[in-house]
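Novice: Sequence first, then the predicted structure, then my questions.
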Amino acid sequence: MSAPLSWLCLLPLGAGLLALALRRGGRVAACTGAILAFLFLLLLGLRFEAGAAGTLRALTPALVQARVGARVAGGEVVRERVATRAMAGMSYEEQADLAEALSGRVLAQEQLSAAQVTSDVAAIHSGELALHQAAHEERRLRAAFGALEGELGTLRRARETSLGDATFPELRTWLPGVRSQWFVALDGIGLLAGLAATLLALCCSLVVAKGREAGGILLGTALLLIAALAQDALLFASAWTGFVLLGAASLIRVPDGDEEEVRQSVVRFLVPGLLGALVLGGACLWLTARAGSLDFPALQAAAAELDPRRQAILLLVFVLAAATRLPLPPFHGWFPASATSVDPGKLAFLQGGSLILGTLGLVRLAAPCAPTALADPRLGAALFAWGVLSAGFLALAALGERDLRRQAALSAACLSGLVAAGFAVGEFGQS
C-alpha cells in the first residue's frame, strides 16, 4: 500500500537536513520544503474532505493483508486463512493450534514415526531434520501471530471509534517490544494542525537571519507533523520530546558575549518541556498497563472504565502536560525568557509549534480519555477560570513589560489562555 503520510513527514525532514548542510541556499531549500509539504498536505486534505480517499474502516481488509504478508510467509491461501482468523481475534490456544497446523509438524512427526518402524536410517535422519525445521517454523509462526494480534487489535479498536473515518491510515511495526506501532492517519484535527505547522514553517523560514536556522525550523516541522498524524501515544510523546530538545539545541542561539543569559534561557526552556513530556509519558504508560497497548483507541477504552475520581486526576495530568507547552501560567516563564536570545523568526516558530503541541495534547488525549471528568461542571469551571485568568494575567504582564521582544512574546502567549478556556467549555468550545 502507498504511504503518503510517511512521505509527508519525510519531506520537511529531508528539506531541513539539506538546509543545514548547505552553506548558501539553505533558506531556499527550507522554504521549498515547507511549500511542498503544505501543498502535499492540502492535496491530501482536499481528497479527505471530498471523500475521495478510503477511510480506515474501508481500508481495514487491505491493511490486514499487508500486515499478514509482512509477518507470514506462504501462499495466498495461507495468508487469507491467517488474515481471516487474525482479524476475528485469536486466543493464545488458537494461535498455537494454527501455528502447528501451518508448520507441518504433525506431518513431519508421522513421517519420522513411519521411518522408525521400518528402521530406515536415511528416512529417520530425513524425518528428524523435517521435524526440526517444522518446530522452528512453528515457533516463528507463533511469534508472528502474537505480533499480528497486537497490530490487528489496534485496527479492530480504531475502526469502532471516530478514527474509523480517518483517511490514509498506515500501520507498521515500530517498537514491538513495548507494543507500539507506527500508526498514523489523517483526520480533521491532524489536517488543521499540519496545515498550520507547514504554513508557520514557511513564514518563519522567510524571516530568519540565516539559511541554516531555517533548517532547524523544518526539522521541527517534521516533528509537528508526526504529532499531528500520530495515533499512538509513544509516537506522539516522542515527537513532543523531540520538539522540546530541538528547540533547546538548535533554535536558541548564544547572544554575543552573554553565555550566562543563554544558559538560563535553555534551562527555562528545557525544564517545563521535559516535565510535560515526563508527565505525559507517565500517564500514557499507566493507561497502557491497563489497556495492553499504546494506541489511542486502547487508551481511551481503558480510561472509560475508570471511576470519575481517577478520570479527574487523569484529566488534570494531561492538562498539566499541555500547560507546559501552550504555555499557561505558572509554566510560561520559558517563553518571554527565550525571546531575548532567539531570532524573531525562530521565536515565532517556537511559540506557534508549542501552541500546536499543547492543543493536540488537549484534544488527542485529555478530552477523549476523561470525558466524564470534563463534563463535571465544577472541574470545567475551574479549567475555564484558569484559562481566562491566564489570558488576563499575560495581557497585563505584556502591558507592564519594557522590552519589546518580551512584550510581544507575552502578548502572543495570551492565546494559550483562550485555548484552555475553549477546551473547558466542551465540544463546541473545542471546535
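Specialist: Thanks, I have it. Numbers count the residues shown, from 1 in each chain.
Novice: Which helix or strand contains the closest residue in space to residue 325 that isn't next to it in sequence?
Specialist: For residue 325, ignoring the flanking residues on the chain, the nearest one in space by Cβ to Cβ, 6 or more residues apart in numbering is residue 358 at 3.6 Å. All C-beta spots, glycine's among them, are computed from the backbone N, C-alpha and C. For residue 358, the host element (DSSP states H and E) is helix 344-361.
Novice: buried stuff in that helix?
Specialist: Neighbour-count burial for helix 344-361, counted by 16 or more other Cβ atoms under 10 Å, picks out 345-361.
Novice: re earlier: may I ask you to confirm that the residue nearest to residue 325 is in contact with residue 318?
Specialist: No - checked against Cβ atoms under 8 Å, the pair residue 358 and residue 318 is beyond contact range at 10.5 Å.
Novice: For the longest strand along the chain, which helices and strands make contact with it?
Specialist: Assignment by DSSP state E gives strand 167-175 as the longest strand of the chain. Secondary-structure packing of strand 167-175 (3 or more Cβ pairs under 8 Å, 6 or more residues apart in numbering; DSSP states H and E): helix 4-21, helix 26-50, helix 56-71, helix 121-159, strand 180-186, helix 233-250.
Novice: If we use 6 Å, what do you get?
Specialist: Applying 3 or more Cβ pairs under 6 Å, 6 or more residues apart in numbering; DSSP states H and E, we find strand 167-175 packed against helix 4-21, strand 180-186.
Novice: got a list of contacts for stretch 133-150?
Specialist: For stretch 133-150, contacts defined as Cβ atoms under 6 Å, 6 or more residues apart in numbering pick out 71-72, 86, 95, 99-100, 102-105, 108, 176, 179.
Novice: Buried residues, the helix or strand where residue 79 lies. List them.
Specialist: Element membership of residue 79, judged by DSSP H and E, is helix 76-88. Going by neighbour count (16+ other Cβ under 10 Å), the buried part of helix 76-88 is 79, 81, 82, 83, 85, 86, 87.
Novice: Going by distance to residue 270, which of the residues you listed wins?
Specialist: Nearest to residue 270 out of the buried residues of helix 76-88 is residue 86 (Cβ to Cβ; 43.6 Å).
Novice: which residues sit in contact with that closest one?
Specialist: Counted by Cβ under 6 Å, 6+ apart, residue 86 has contacts 148, 152.
Novice: Helix 233-250 and the helix holding residue 358, what's the angle between them?
Specialist: Inter-element angle recorded for helix 344-361 and helix 233-250: 160 degrees (by axes from the mean of the first three to the mean of the last three Cα atoms, to 10 degrees).
Novice: For helix 344-361, the averaged confidence score.
Specialist: Computed over helix 344-361, the mean pLDDT rounds to 88.
Novice: Tabulate the CA atom coordinates of that helix in PDB.
Specialist: Output of helix 344-361 as PDB, limited to C-alpha atoms (Å, rounded to 0.1, in the frame of the first residue of the first chain):
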ATOM      1  CA  PRO A 344      12.300  36.600  15.700                       C
ATOM      2  CA  GLY A 345      11.500  34.000  13.100                       C
ATOM      3  CA  LYS A 346      12.600  31.100  15.300                       C
ATOM      4  CA  LEU A 347      10.800  32.700  18.200                       C
ATOM      5  CA  ALA A 348       7.500  32.700  16.200                       C
ATOM      6  CA  PHE A 349       8.000  29.100  15.300                       C
ATOM      7  CA  LEU A 350       8.700  28.100  18.900                       C
ATOM      8  CA  GLN A 351       5.600  29.800  20.100                       C
ATOM      9  CA  GLY A 352       3.400  28.500  17.300                       C
ATOM     10  CA  GLY A 353       4.800  25.000  17.400                       C
ATOM     11  CA  SER A 354       4.400  24.800  21.200                       C
ATOM     12  CA  LEU A 355       0.800  26.100  20.900                       C
ATOM     13  CA  ILE A 356       0.100  23.300  18.300                       C
ATOM     14  CA  LEU A 357       1.600  20.600  20.500                       C
ATOM     15  CA  GLY A 358      -0.300  21.800  23.600                       C
ATOM     16  CA  THR A 359      -3.600  21.900  21.800                       C
ATOM     17  CA  LEU A 360      -3.000  18.500  20.300                       C
ATOM     18  CA  GLY A 361      -2.300  17.200  23.800                       C
END
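Novice: So what touches that helix?
Specialist: Contacts of helix 344-361 (Cβ under 6 Å, 6+ apart): 193, 197, 200, 204, 207-208, 217, 220, 224, 227, 240, 247, 251, 321-322, 325-326, 339, 412, 419.
Novice: what comes into contact with stretch 174-191?
Specialist: 5, 45, 48, 56, 147, 150, 166-172, 228-232, 234, 293-295, 363.
Novice: are any of these buried, and which?
Specialist: 5, 45, 48, 56, 147, 150, 166-171, 228-232, 234, 293-295, 363.
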